[in-house]
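Asks: next input, structure requested:
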Amino acid sequence: MGYVSAVPVPQPRTAAPGATATSGGRRVLAAALFLGAVGAAVALIASGQTWAEGTAAVGGGSVPLDANGRDVTGVPAALAVVGLAALVAVFAVRRAGRLLVAALLALSGAGAALAAFLGASDSSALDELAARTTGDTAATVDGLSHTAWPYVTAAGGVLILLTGVLALLYGRQWPAMSGRYERAGGAGSGGSAGRAGRRAPVVDPDRPEDLWKALDRGEDPTGEDPVRNPARES
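Replies: From the prediction side, this is the model:
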């Protein structure tokens, strides 16, 4: 009776939990960077577009008037800049500092969106423009209409808000600039030891330029210790 040897069947490899978490954190990081950058750009660009239009009566006719987002309110553009700065600062801090910056990022997005929504129906900017145009402080704008740009600005603020929420939830998994700089500083500042380990340039006594360069570096071109140089001691 023959014997049947058992042949091991290769099992499919499973990804390590740490590798899965790391790849997921990178995807969230990439999404946050994209959303934050796009949100800030959209809010800044859209806040510079025409938000409201109308006319003012002058003499027997009318003059067309328009106001951009920054005439209506400068809050969305200012908070978009704050949000963009906070997005960069998230990677420069750690632990509690990162949470605070992430909260600032979320709040700046929420504030920009809210200010844009409130400015979507505002007429005060055009009323002031009508008063300046006509010279009548009591003049108001006629035929007032609003564009879609305030809502585009608000959408940019919402994207910044989402970026802040992602930073609050997943920011602990993201890398920090400071750690990279500390490693770079530690390697270069193995400091005096690293510089001491470097070999001094070879000085050729027959080349005057080498002698002058050595003197500029504060070195003894003769290669002798100045303290122990009998000629210099005398």
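Asks: residue ranges with poor pLDDT in this protein?
Replies: Residue ranges of the chain with pLDDT under 70: 1-24, 177-212, 215-216, 218-234.
Asks: the domain parsing of it - what is it?
Replies: 24-173, 203-229 (automatic domain parsing).
Asks: need the helices for this protein, in chain order.
Replies: 17-46, 69-72, 75-89, 95-119, 124-134, 149-170, 177-189, 191-197, 208-216, 230-233 (DSSP state H).
Asks: can you redo those helices as JSON lines with distance to residue 143 and mean neighbour count?
Replies: All C-beta atoms are positioned from the backbone trio N, CA, C, and that covers glycine. As requested, the helices of the chain are exported to JSON lines (distance: least, C-beta to C-beta, whole Å; neighbours: other C-beta atoms under 10 Å):
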{"stretch": "helix 17-46", "distance to residue 143": "23", "mean neighbour count": "17"}
{"stretch": "helix 69-72", "distance to residue 143": "17", "mean neighbour count": "24"}
{"stretch": "helix 75-89", "distance to residue 143": "25", "mean neighbour count": "21"}
{"stretch": "helix 95-119", "distance to residue 143": "19", "mean neighbour count": "21"}
{"stretch": "helix 124-134", "distance to residue 143": "10", "mean neighbour count": "19"}
{"stretch": "helix 149-170", "distance to residue 143": "18", "mean neighbour count": "23"}
{"stretch": "helix 177-189", "distance to residue 143": "53", "mean neighbour count": "11"}
{"stretch": "helix 191-197", "distance to residue 143": "71", "mean neighbour count": "9"}
{"stretch": "helix 208-216", "distance to residue 143": "77", "mean neighbour count": "13"}
{"stretch": "helix 230-233", "distance to residue 143": "94", "mean neighbour count": "9"}
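Asks: how many neighbours does the nearest residue to residue 69 once chain neighbours are set aside have?
Replies: Sequence neighbours aside, residue 47 is the residue nearest to residue 69 in space, at 3.7 Å (criterion: C-beta to C-beta, 6 or more residues apart in numbering). Using other C-beta atoms under 10 Å, residue 47 has 31 neighbouring residues.
Asks: was I right to think residue 47 contacts residue 67?
Replies: No: Residue 47 is not in contact with residue 67 according to C-beta atoms under 8 Å; the separation is 11.7 Å.
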